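Peer 1: No sequence on hand, only this structure:
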C-alpha cells in the first residue's frame, strides 16, 4: 500500500481506511513512481460519466513529485501512464485545474496539453461551514 512514501509528496499523513476505500473504487486511479521501495511521485485521478457526454472523462485530482526527483520528467511519465489507463477505459478527455502561480504545474501541463490555459476560477466549498446556509434554503 502507501506505507513507504517520500515525506513531501502528500499534503497530509496517509489515512489507511481512506486509502483502502480509494483503491477499492474502480473509478479511482493512482499511479505511483517508486525508487528503492520509496514512493517518490504520484498522480491521482477519477474517471466519471456525465449525462451529456458521449464517453467517460478523466479528472486529474493531483500530481506530486518529491523535491529530490523534480525536473527529471517523472511528472510527465506519471501523467502519460494515467492517460493510458484513461484511454483503455474509453475516456475521451482528461482535465486538471491548477493555479497560474504554480509554475511547475503550469509547465508540466503545458508540455502535455494542446489547449491554451483559460482564465478558469476554482471555488472550494467547506461543507461544514455551509451547513447553516443548507438548512436555511431547505426549509
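Peer 2: Yep, that arrived. No experiment lies behind these values; they were computed from the predicted model shown.

Peer 1: How about the residue nearest the centre of the chain, nearest residue that isn't a chain neighbour?
Peer 2: Central residue of the chain (C-alpha atoms, centre = their mean): residue 61, 2.1 Å from the mean position. In this structure, residue 61 finds its nearest non-sequential neighbour in residue 44, 4.6 Å apart by C-beta to C-beta, 6 or more residues apart in numbering. Using the backbone N, CA and C atoms, a C-beta is placed for each residue, glycine as well.

Peer 1: Settle this for me: the one you found is touching residue 78, isn't it.
Peer 2: No - the criterion here is C-beta atoms under 8 Å, and residue 44 misses it with residue 78 at 10.0 Å.

Peer 1: Counting neighbours, go ahead and name the busier of those two.
Peer 2: residue 78 (23 against 19; other C-beta atoms under 10 Å).

Peer 1: Pretty sure that one sits in a helix.
Peer 2: Yes - under DSSP: H, G, I helix; E, B strand; the rest coil, residue 78 falls within a helix.

Peer 1: Hmm, residue 40 and it touching each other?
Peer 2: No - using C-beta under 8 Å, residue 78 is not in contact with residue 40, being 10.2 Å away.

Peer 1: Which neighbours do these two have in common?
Peer 2: Common contact partners of residue 78 and residue 40 (C-beta atoms under 8 Å, 6 or more residues apart in numbering): 33, 65.

Peer 1: Quick check: which element contains residue 30?
Peer 2: Using DSSP states H and E, residue 30 sits in strand 28-35.

Peer 1: And residue 105, by the same measure?
Peer 2: Using DSSP H and E, residue 105 sits within helix 103-112.

Peer 1: go on, residue 64?
Peer 2: Judged by DSSP H and E, residue 64 forms part of strand 57-65.

Peer 1: which residues in this structure form strands?
Peer 2: Ranges of strands in the chain, per DSSP state E, are 28-35, 38-48, 57-65, 93-95.

Peer 1: If you count neighbours, what's buried in the second one?
Peer 2: Neighbour-count burial for strand 38-48, with 16 or more other C-beta atoms under 10 Å as criterion, is recorded at 39, 40, 41, 42, 43, 44, 45, 47.
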